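Peer 1: Following is a predicted model, sequence given first.
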Amino acid sequence: MAEAQRQQAELQGRRAELATLWLYRLAGWRLLARRHRTRYGEIDLMMSRFRTLLFIEVKWRARQLTAEEMLPGPAQQQRLLRAMTAELARLSARRGGALQGRFDLICWAGWRPVLWLRQVAL
């Protein structure tokens, strides 16, 4: 039974990522990568618009939790920061100039976003 619950949670997480992807695409962002693996960790969504790279962490929970319960823990925050910093440097070099970086966190409870932290500059 635990395996079935894990698979169901994985499916719901992927659906939340897809819903998040479309929210940003409708706002004019272009998808660069989904579930992008770096040597530091995985970035759920990488998007761009003009000279800004957007790194998005998506969380899904079956029920609404407090903001503190939904936020990534300190270890995950460090992994995300290292991964995003490395990708920002790599893509800036590849595109021939400094790019701006931004981090957004969106947490879903069921089918609605309950916590949406935007424009956290890197």
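Peer 2: Happy to help now that I have it. The structure displayed is predicted, hence computed values, not measured ones.
Peer 1: All the helices of the chain, in order from the start?
Peer 2: When secondary structure is read from DSSP state H, the chain shows helices at 2-26, 67-70, 74-94.
Peer 1: Give me the contact list for the longest one.
Peer 2: Put plainly, it is helix 2-26. Contacts made with helix 2-26 from outside it, assessed by Cβ atoms under 8 Å, 6 or more residues apart in numbering, are listed as 31, 34-35, 44-45, 47, 54, 56, 58-60, 62, 106, 108, 111, 113. In short, each C-beta sits where N, CA and C put it, glycine included.
Peer 1: make it 7 Å
Peer 2: By Cβ atoms under 7 Å, 6 or more residues apart in numbering, the list of residues contacting helix 2-26 from outside reads 31, 34, 44, 45, 47, 56, 58, 60, 106, 108.
Peer 1: and the helices of the chain, which one is worst for confidence?
Peer 2: Here the lowest mean pLDDT among those goes to helix 67-70, at a mean of 67.
Peer 1: how about the nearest residue to residue 87, chain neighbours excluded?
Peer 2: Leaving aside its chain neighbours, residue 87 sits nearest to residue 38 (6.2 Å; criterion: Cβ to Cβ, 6 or more residues apart in numbering).
Peer 1: Could you report the pLDDT at the one you found?
Peer 2: You'll see residue 38 listed with a pLDDT of 89.
Peer 1: most packed of the helices of the chain?
Peer 2: Burial of these is given as mean neighbour count (mean count of other Cβ atoms under 10 Å); helix 74-94 ranks first at a mean of 15.
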